[in-house]
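[1] Predicted model and sequence follow; I will ask about them next.
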Amino acid sequence: QVHVVESGGGLVLTGGSLRLSCAASGSIFSINAMAWYRQVPGKERELVAHITSGGSTNYADSVKGRFTISRDNAENTAHLRMNSLKPEDTAVYYCRAYGLGPNDKSFDSWGQGTQVTVSS
């Protein structure tokens with residue numbers, strides 16, 4: 001079983017910055033990729049940023065140039081640096097980690113989410 005825990009959310013003013021952290025633990029052999037998603041009430045969860053084990057990244061168009069995803073493979077952690085925050089970035093942010101556990105059993109685990117609120 002793999003557990004994913006997010007931290008770092010909070011309330012920030014428009015134009016401010018936040019850094020979200022994600023830690024995966026448990027029966028992990030390798031993590032193929034980690035990603036951040038976000039969701040607001042009444043809308044589908046959307047991909048914000050994704051990073052592979054090799055460091056390749058991709059971002060939603062709405063956050064390109066403002067958000068940066070990074071990861072530490074040795075620590076099974078990922079971070080999302082969010083700059084120039086806008087009210088429309090307000091959402092619950094979720095971390096996802098997927099890869100392989102012991103005996104080549106795959107996993108796809110999500111955290112509980114952390115609230116980010118950007119006030120104007």
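    Thanks, I have it. Residues are numbered from 1 along each chain as shown.

[2] Could you list everything the most centrally placed residue in the chain pairs with in the sheet?
    Most central in the chain under Cα atoms, centre = their mean is W36, positioned 2.6 Å from the mean C-alpha point. W36 has these beta-bridge partners by DSSP bridges: A49, C95.

[3] Next: F67.
    Assigned bridge partners for F67, using DSSP bridges, are M82.

[4] Just the strands from this structure, written as ranges.
    2-7, 10-13, 18-26, 30-39, 46-52, 57-59, 67-72, 77-82, 91-100, 106-110, 114-119 (DSSP state E).

[5] May I see these organised as JSON lines, with mean pLDDT added?
    Output for the strands of the chain, formatted as JSON lines (pLDDT from 0 to 100):
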{"stretch": "strand 2-7", "mean pLDDT": "97"}
{"stretch": "strand 10-13", "mean pLDDT": "98"}
{"stretch": "strand 18-26", "mean pLDDT": "97"}
{"stretch": "strand 30-39", "mean pLDDT": "97"}
{"stretch": "strand 46-52", "mean pLDDT": "98"}
{"stretch": "strand 57-59", "mean pLDDT": "98"}
{"stretch": "strand 67-72", "mean pLDDT": "97"}
{"stretch": "strand 77-82", "mean pLDDT": "98"}
{"stretch": "strand 91-100", "mean pLDDT": "97"}
{"stretch": "strand 106-110", "mean pLDDT": "97"}
{"stretch": "strand 114-119", "mean pLDDT": "98"}
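
[6] Next, the distance between the ends of stretch 105-120.
    End-to-end distance for stretch 105-120: 46 Å, by Cα to Cα, to the nearest Å.
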